[in-house]
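Student: Predicted structure and sequence below. I'll ask about it afterward.
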Amino acid sequence: MWAKKLLLTLLPLVLAIGTAASEPVAPHEPVVAPGPVPGTPLAEPPAESLPSLTAHDVDSWLDGFLPYALGKGDLVGAVVVVVKDGKVLTQRGFGYADYAARRPVDPDKTLFRPGSVSKLITWTAVMQQVEAGKIDLDADINAYLDFNVPLKDGKPATMRQLMTHTSGFEEHGRAIMFEDPKYHVPLGDYLKNGVPARIYAAGTTPSYSNYATALAGYIVERVSGMSFDDYVEQRIFQPLGMTSSTFRQPLPAAFQADIATGYRTLSAGPANFEIVGPSPAGGLSSTGADMAKFMIAHLNQGAGVLKPETARVMHDTPLTLLPPLNRMELGFFETNINGRQVIGHLGDTQLFHTALHLFVDDNVGLYLSFNATGEQGAAGPLRKAVFEQFADRYLPGNAMPDTRVDAKTAAEHARMMAGSWINSRRAETNFFSIVALLKQVKVSANAKGELIVPVARDLNGKPIKWVEVAPFVWHNVDGHERLAAKVEGGKVVRWSMDGMSPFMVFDRAPAGKSSAWIVPAFFLSVAILLITLLQWPVSAVIRRYYKKPLTLERGALRAYRGVRVGAGLVLGLIVAWLVSIAKFKPIPSYDTWLWMLQIGGLIILLGGVLLAAWNLRIVLRDRRGGLRSIWALLILFAMIMSLYLAWASGLISMTMNY
């Protein structure tokens, strides 16, 4: 559940102010010239020099790689499985399934929580029902439901759009992950309790959605007449011999002795079993050995679960929205590397981090999972490094195109990319839209005309160095990543990168919701309100010391005191939101407090604006001097800005559907 950490952790409000968007420049005709980049392989090495893809070589490579990486990253355990030509080449456990008990990871017995890799089971179930003629990929999904998913711009969502994450749903985090079983409800109830808004026209914008996958799982229930858990057990797990896999939550007693304990870091100690509310989107528990069977089935054209023609449709029906980047297939997404066709999926809970990659034409599969997040999220970069280095070692190819856009054009294109960009995977109609505001990406060009994208980082944690290899297509100088932009009317309007392009993109932040001006304006407002509040007791002490009473008539005195009380209440509201989101869990027990924050916030903010306006009117009426008038105007600005931020970020949206 790639977004869980994003939804539950709000960045500190002290964010760097990004470079403002420059005026777009009409591009001239680019010149593309050859130009090798040092340090990047340009051609596949001779076959006789390659390490062989054998169990012995893979085991030796993993033994020299993972034990050190686990220790360095404050990680606990890992399972790695490689399949080739319909057989398990190797399956290895590293570290511990439970550190305190010193229980090692056993790929045959230890169950990991693969997070969103679970979706591949769900999408396989969907394709079985497509094959059976019970689901039409392009029909209105409401035809299969007992509740209504609203139309967007007069158009329904379809199963194909659910599978490609283009149904238009905003991010939905309520009851997505928790520990207490009392919050776990039947799948249908979970879905009906809060349908997320559809914020994009169907089929136009990738926006990763756990809700959409859960919806697909419920449709499988509806058309098959079986519960989702029963269905996958009988129609997928049993035919493939996946006897140590289950979607059932809490975990059945038969599996409890073998489940890997989850950790944020080894040094932080163990955490509790995570229950995933939208179970078809991430609720699987499975062993490495069972996932090997699943990979072999899909590499063998769906053998045991799908007809070959159905598997081909699932594996090779790409949705192209931002070429030449990796694309969504039907449930799988491309993770192409070294010129090879690779499909797969990633998965993240709060504790477990997983990857599955199928080298389709090479009949090779790679699965790995970690039971800890690690220091500074070490599991994420490590997962990526294992995949890329495995591919470079055993399945190499041309990593870097040998073409280059000329320096002048490249600098011009980099400047066209500058500005604030907002992630398509976001909430827009509730209080979690503040995350999208604060997580906007500031893109810029440096003095050399090189593209700077702070969100894109190499394994060493440094920003990726990009080189433009085709018009508006960049390649990592030292790696595999590509970045591409869409240009309309001489302006860059959208971009993304491999690794995220199949399921989310970045669009220009609307002027009214751009953090480039909202964040600094808000900081200025906080400073004004804080000074206003602190000035009250400080000036009182000074007046008492010099025996100078405050000489204001009754109305002016009320306005003077009222605006300072208002400033204190607004600052208190800001602190309350910061503390609440830092400690927030998306479960119903928080609802009362969230309602209080939203209703109370609206009252405080509107009241603050009215008090500030009243105070300004009195100051101007009484002609109390230029400085006091300016400060009264600044207080009004601060109150209005606070209200505007609350509106723009959904903090007063008056909803529990988040």
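Tutor: Yep, that arrived. From a predicted model like this one, the values you see are computed outputs, not experimental measurements. Numbers count the residues shown, from 1 in each chain.

Student: which parts of stretch 591-602 are buried?
Tutor: For stretch 591-602, a neighbour-count test (16 or more other C-beta atoms under 10 Å) marks Leu594, Leu597, Gln598, Gly601, Leu602 as buried. Placement of C-beta: from N, CA and C, glycine included.

Student: scratch that, stretch 261-271
Tutor: Thr261, Gly262, Tyr263, Arg264, Thr265, Leu266, Pro270, Ala271.

Student: Ramachandran coordinates for the third one?
Tutor: The phi and psi values for Tyr263, taken as degrees, to the nearest 10, are phi -140, psi 150.

Student: Repeat that for the fourth one.
Tutor: Note on Arg264: its backbone torsions stand at phi -80, psi -50 [degrees, to the nearest 10].

Student: Going forward, the N-terminal residue is numbered 54.
Tutor: All set: I'll call the first residue 54, so the last point we hit is now Arg317.

Student: That one is in contact with Thr426, isn't it?
Tutor: Yes - at 5.2 Å, Arg317 counts as touching Thr426 under the criterion of C-beta atoms under 8 Å.

Student: So which of the buried residues of stretch 644-655 is the closest to Arg156?
Tutor: Nearest to Arg156 among the buried residues of stretch 644-655: Leu647, at 39.7 Å, using C-beta to C-beta.

Student: Just give the closest residue to that closest one, not the sequence neighbours.
Tutor: Leaving aside its chain neighbours, Leu647 sits nearest to Met709 (6.6 Å; criterion: C-beta to C-beta, 6 or more residues apart in numbering).

Student: One more: Asn391?
Tutor: Closest residue in space to Asn391, ignoring its immediate chain neighbours: Gly450 at 3.2 Å, by C-beta to C-beta, 6+ apart.

Student: Next, the contact list for that neighbour, please.
Tutor: The neighbourhood of Gly450, defined by C-beta atoms under 8 Å, 6 or more residues apart in numbering, consists of Glu97, Ile390, Asn391, Gly392, Arg393.

Student: what's the distance between Lys346 and Trp527?
Tutor: Distance, Lys346 to Trp527, using C-beta to C-beta, to the nearest Å: 39 Å.

Student: Between the two, point out the one with more neighbours.
Tutor: Trp527 (28 against 21; other C-beta atoms under 10 Å).

Student: I'd say that one and Asp551 touch.
Tutor: No - using C-beta under 8 Å, Trp527 is not in contact with Asp551; the gap is 10.7 Å.

Student: Run through the strands of the stretch 404-553 of the chain in chain order.
Tutor: For the stretch 404-553 of the chain, applying DSSP state E, counting those that start in this stretch gives strands covering 406-412, 417-423, 456-458, 472-476, 494-498, 504-505, 519-523, 526-529, 535-541, 544-550.

Student: I meant the stretch 554-703 of the chain, not that one.
Tutor: For the stretch 554-703 of the chain, the strands defined by DSSP E, counting those that start in this stretch occupy 559-561.

Student: these two touch, right, Phe347 and Val170?
Tutor: No - contact criterion C-beta under 8 Å: Phe347 and Val170 do not qualify, at 9.3 Å.

Student: Any stretches of the stretch 54-203 of the chain with poor pLDDT?
Tutor: For the stretch 54-203 of the chain, applying pLDDT under 70 flags the ranges 54-102.

Student: So which of the strands of the stretch 404-553 of the chain is nearest Leu669?
Tutor: Closest approach to Leu669 among the strands of the stretch 404-553 of the chain (C-beta to C-beta): strand 472-476, 31.3 Å.

Student: Show me what counts as buried in that closest one.
Tutor: By 16+ other C-beta under 10 Å, the buried positions in strand 472-476 come out as Gly472, Ser473, Trp474, Ile475, Asn476.

Student: Parallel or antiparallel, which strands does the lengthiest strand in the chain pair with?
Tutor: Determined from DSSP state E, the single longest strand within the chain is strand 140-151. Within its sheet, and counting by DSSP bridges, strand 140-151 is paired with strand 130-137 (antiparallel), strand 156-157 (antiparallel).

Student: Next, show the common contact partners of Arg317 and Thr426.
Tutor: Common neighbours of Arg317 and Thr426, counting by C-beta under 8 Å, 6+ apart, are Gln403, Leu404.

Student: Which residue is the nearest non-sequential neighbour of Val417?
Tutor: Lys137 (5.1 Å).

Student: partners of the one you found in the sheet?
Tutor: Counting by DSSP bridges, Lys137 forms beta bridges with Lys140, Val417.
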